[in-house]
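Colleague: Coordinates for the following, if possible.
(one chain, ligands or ions: 2)
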Amino acid sequence: MTTRPGVGPHVRGQGLVVHRAGRAILDRVDIDASPGVVTAVTGASGAGKSTLLWVIAGLIEPDEGSISPDDRFDLSAVVVQSYALLPVLTAKENVELPLLMRGVTGEEAARRTEEALAQAGLPDLQDRLAEELSGGQRQRVAVARALAMRARLLVADEPTAELDATAAALVVSALRAEAEAGATVVLSTNDPALAAQCDRVYRLHDGAIQPDTSPTEPD
Ligand SMILES: Nc1ncnc2c1ncn2[C@@H]1O[C@H](COP(=O)(O)OP(=O)(O)O)[C@@H](O)[C@H]1O
Ligand SMILES: [Mg+2]
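Modeller: Numbering: from 1, shown residues only. Ligands and ions are numbered 1, 2, ... in the order given. Model prediction:
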């Protein structure tokens, strides 16, 4: 197993605002995500979780406010809510492809892929086409793809939304292991039980962080 290139960044966002369709879908959000811990963003559907995670991963720029470090996009691996798998590639190929594109050798990519698919609980389905997998299986391929990147900043948007309790627990422990290896891990969820397992919880409502971010408080 290769070590990651270094510990994750300390991500600091202040006064983050994102406008869409004439309104602020993120409204002056302050957020901190540290290496070594799992930070959760929780809130009902439409609260702004995906938007905030995209800003954290450097996929979109905020309209107002500041967020550092500037190279977040280069440091990050992202599990998007729609999975973004290539349907006519196998599970294994979906995980391997971004590694090969980043210059990881074939042998190393194969090793990391096998390990990540096992961590995500899919060791037996690696040769199945993504389009032949169930929603929950696809979600786990998307998680495996991000794990295999060994990124310093791991951003996972509702990574357990389609999983049963057993599969969800596997995914959470894999994300936690990444944090323990030094990565900065940020996930979103609207499951209070999952939020309660995270080290730090930010609760969003209508694009704004709620002052009480107790992990045990339901939405
Ligand atoms: N590109 C967009 N244009 C207009 N409205 C958007 C856009 N993206 C998101 N929204 C709206 O912003 C709100 C927050 O969306 P989102 O970040 O996806 O929330 P969540 O992930 O918590 O469900 C929702 O009301 C959504 O409809
Ligand atoms: Mg979302």
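Colleague: rest of the way, CA atoms for contacts and neighbours
Modeller: Fine.
Colleague: Show me the beta-bridge partners of the nearest residue to residue 199 once chain neighbours are set aside.
Modeller: Take residue 199 and drop its neighbours on the chain: the residue closest to it by CA to CA, 6 or more residues apart in numbering is residue 38, 5.4 Å away. On the basis of DSSP bridges, residue 38 is bridged to residue 185.
Colleague: quick one: contacts for residue 38?
Modeller: By CA atoms under 8 Å, 6 or more residues apart in numbering, residue 38 lies in contact with 175, 176, 179, 184, 185, 186, 187, 198, 199, 200.
Colleague: dump the residue contacts of the fourth one.
Modeller: Applying CA under 8 Å, 6+ apart, one finds that residue 184 lies in contact with 7-10, 33-38, 152-154.
Colleague: If we check ligand 1, which of those are in contact?
Modeller: Among those, no residue is within reach of ligand 1 (CA under 6 Å from any ligand atom).
Colleague: Tell me the one among those residues nearest to ligand 1.
Modeller: Closest to ligand 1 out of the contacts of residue 184 is residue 154 (16.8 Å), distances taken as CA to the nearest ligand atom.
Colleague: Mind listing the residues bridging to the closest one?
Modeller: residue 77, residue 185.
Colleague: from what I can see it touches residue 74, true?
Modeller: No - contact criterion CA atoms under 8 Å: residue 154 and residue 74 do not qualify, at 11.2 Å.
Colleague: more neighbours, the two?
Modeller: residue 154 (27 against 12; other CA atoms under 10 Å).
Colleague: wait, what's in contact with the more buried one?
Modeller: Counting by CA under 8 Å, 6+ apart, residue 154 touches 76, 77, 78, 146, 183, 184, 185, 186.
Colleague: Looking at these, which is nearest residue 90?
Modeller: residue 146 (15.7 Å; CA to CA).
Colleague: What distance do you get for the closest one to ligand 1?
Modeller: 19 Å (CA to the nearest ligand atom, to the nearest Å).
Colleague: repeat for residue 194
Modeller: Taking CA to the nearest ligand atom, one finds residue 194 at 15 Å from ligand 1.
Colleague: ditto for residue 12
Modeller: Distance, residue 12 to ligand 1, using CA to the nearest ligand atom: 19 Å.
Colleague: Just give me the neighbour total for the residue nearest to that residue when sequence neighbours are not counted.
Modeller: In this structure, residue 12 finds its nearest non-sequential neighbour in residue 32, 4.7 Å apart by CA to CA, 6+ apart. Using other CA under 10 Å, the number of residues around residue 32 comes to 16.
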